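Student: Show me the folded form of this:
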Amino acid sequence: MTSSIARSGLQLRSMVRQDAMLELSLVSLAIPDPAPDEVVIRVEASPLNPSDLALLLAGADINSAQASGTVDLPVLTASIPGQAMGALADRVNKPLPVGNEGAGVVVRAGASDAAQALLGKTVAVLGRAMYAQYRCLPAEACLVLPEGTTAAQGASCFINPLTALSMVETMRREGHSALVHTAAASSLGRMLNRLCLRDNIGLVNVVRKAEQERILRADGAMYVCNASSPTFLRDLTQAIAATGATIGFDATGGGELAGEILSCMEAALKTIEGESHSFYGSMTHKQIYLYGRLDSRPISFTQTFGTAWGMGGWLLTPFLQKLGPAAVRQLRERVAQELNTTFASQFSKEISLAQALQPETIAAYAKHATGEKYLINPSKDMSVPTS
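Tutor: I've put the predicted structure just below:
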């Protein structure tokens, strides 16, 4: 069974050219007939997450952006600094589709019962190449959204919610009881705060601005530490002592912050444990995971946190692979149940595929400004021939 849909659809692609230029373009692709266990989704919402922006913009100088092409098929180019090209060698002259997750309506389904059951449903998917009008994906990749939920409400069903849940699960599996999170006023940070409040988990939120602190406190956050405050290290130590946090997730990934958190954990543990001075420090393990790179500087720290500590990288996909399919299904089910509460996402603006290639629009969404997350609606302002 099929429904009448377009014969082709537009997809946004990002390419790093040999001449150190970024080229963003829209290409028209034929929409394949779904295999028995596949469905075709008309994509109506896909968020611009930090991981998407990294692939989309490739470190280009957005101030140098130039628009060309046509109204329907725009092209944007921008120069890439020389120091960034070395890390992009494997991308040169390869047009890559962008967009890790999104949501839309199933408009065509394969012959299997599982695929047919999704026809007409609004679903969310973690399917890559989601900045496209249509996507053909396995039926098992789809998460059916609760009745009455829009594609926009379900667009961020996966990356941020599963990241927040997986951070908490990492904390539990490694024997910790509370955590520290940086860049905490981000969409992910606010979601993690709601999750910890709901599950009664101690959370220390680290931000950089007074405005971000106000946002989190209005959300009910109990412990918010402003890194720009002259009393930051004292405030952080007190918050860690109050919560007992011994694990942290750092989105900055550079500079001195990760080391400062470990040092404050050590100072807090001395207060909590009341131990006498030891050259080796507290025997309670302290762990910092780096999961982002908002700060491009090298990591720098002074070793003032004893010997029971660790610092390493953390990524969502490898962690989910360790959990296994059954545990991941449980996480996804919880996201669906609390989609409009704990895991609700807010977007400041909805844009079309063509608007996503406008220099002024890119300059706005590339800022990573707090409270200004953009949503791409590939079905907006687009007309394509139908069958």
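
Student: C-alpha only now, for contacts and for neighbours.
Tutor: OK.

Student: Check which residues of the helix-or-strand element of the chain with minimal mean pLDDT are buried.
Tutor: One helix or strand of the chain scores below all others by mean pLDDT, DSSP states H and E: helix 82-85, with a mean of 88. Neighbour counts over helix 82-85 (16 or more other Cα atoms under 10 Å) mark residue 85 as buried.

Student: Residues contacting it, please?
Tutor: Applying Cα atoms under 8 Å, 6 or more residues apart in numbering, the contact partners of helix 82-85 are 20, 59.

Student: Would you pull up how far it lies from the middle of the chain?
Tutor: Centre-to-centre, helix 82-85 and its host chain are 24 Å apart (Cα atoms, centre = their mean, to the nearest Å).

Student: pretty sure residue 118 is in a strand, no?
Tutor: No - read with DSSP: H, G, I helix; E, B strand; the rest coil, residue 118 is coil and lies in no strand.

Student: Surely it touches residue 106?
Tutor: Yes - assessed by Cα atoms under 8 Å, residue 118 is found in contact with residue 106 at 6.4 Å.

Student: between those two, what contacts are shared?
Tutor: residue 39.

Student: quick one on the thing from earlier: immediately after the least confident helix or strand of the chain, which helix or strand?
Tutor: strand 96-97 (DSSP states H and E).

Student: where in the stretch 51-200 of the chain is pLDDT low?
Tutor: By pLDDT under 70, the stretch 51-200 of the chain has no low-scoring segment.

Student: just the helices in it please.
Tutor: Ranges of helices in the stretch 51-200 of the chain, per DSSP state H, counting those that start in this stretch, are 82-85, 113-116, 151-154, 159-173, 187-199.

Student: What's the local residue count around residue 41?
Tutor: By the criterion of other Cα atoms under 10 Å, residue 41 has 29 neighbours.

Student: Identify the bridge partners of it.
Tutor: residue 106, residue 135 (DSSP bridges).

Student: Verify the stated contact: it with residue 108.
Tutor: Yes - the pair residue 41 / residue 108 is scored as a contact, 7.2 Å apart, by Cα under 8 Å.

Student: out of the helices of the stretch 51-200 of the chain, nearest to residue 334?
Tutor: Residue 334 lies closest to helix 159-173 among those, at 9.4 Å (Cα to Cα).

Student: what angle sits between the closest one and helix 187-199?
Tutor: For helix 159-173 against helix 187-199, the angle by axes from the mean of the first three to the mean of the last three Cα atoms, to 10 degrees is 50 degrees.

Student: In contact with residue 128, which residues?
Tutor: 97, 98, 99, 100, 101.

Student: which residue ranges form the strands in the stretch 201-350 of the chain?
Tutor: 202-207, 223-226, 247-250, 286-290, 309-313, 349-351 (DSSP state E, counting those that start in this stretch).

Student: which residue packs closest to residue 188, ignoring adjacent ones?
Tutor: residue 160 (5.3 Å; Cα to Cα, 6 or more residues apart in numbering).

Student: what about that neighbour, neighbour count?
Tutor: Residue 160: 20 neighbours (other Cα under 10 Å).

Student: How about residue 327?
Tutor: Neighbour tally, residue 327, other Cα under 10 Å: 13.

Student: Could you do the one 5 residues further on as well?
Tutor: By the other Cα under 10 Å criterion, the neighbourhood of residue 332 contains 16 residues.

Student: and the gap between it and residue 120?
Tutor: 21 Å (Cα to Cα, to the nearest Å).

Student: cool, and residue 190?
Tutor: Residue 190 is 32 Å from residue 120, where distance means Cα to Cα.

Student: With residue 200 instead?
Tutor: 38 Å.

Student: ok, the two, which is more surrounded?
Tutor: residue 120 (15 against 10).

Student: related to what we said a few turns ago, distance to residue 356 for the helices of the stretch 51-200 of the chain - can I get that in JSON lines?
Tutor: Formatted as JSON lines, those follow (distance: least, Cα to Cα, whole Å):
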{"stretch": "helix 82-85", "distance to residue 356": "22"}
{"stretch": "helix 113-116", "distance to residue 356": "31"}
{"stretch": "helix 151-154", "distance to residue 356": "17"}
{"stretch": "helix 159-173", "distance to residue 356": "21"}
{"stretch": "helix 187-199", "distance to residue 356": "20"}
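
Student: so which of those is the most packed in?
Tutor: Mean neighbour counts were taken over the helices of the stretch 51-200 of the chain using mean count of other Cα atoms under 10 Å, and the top value, a mean of 24, falls to helix 151-154.

Student: Packing partners of that helix?
Tutor: strand 38-47, strand 102-109, strand 122-125 (3 or more Cα pairs under 8 Å, 6 or more residues apart in numbering; DSSP states H and E).

Student: Fine by me, we can end here.
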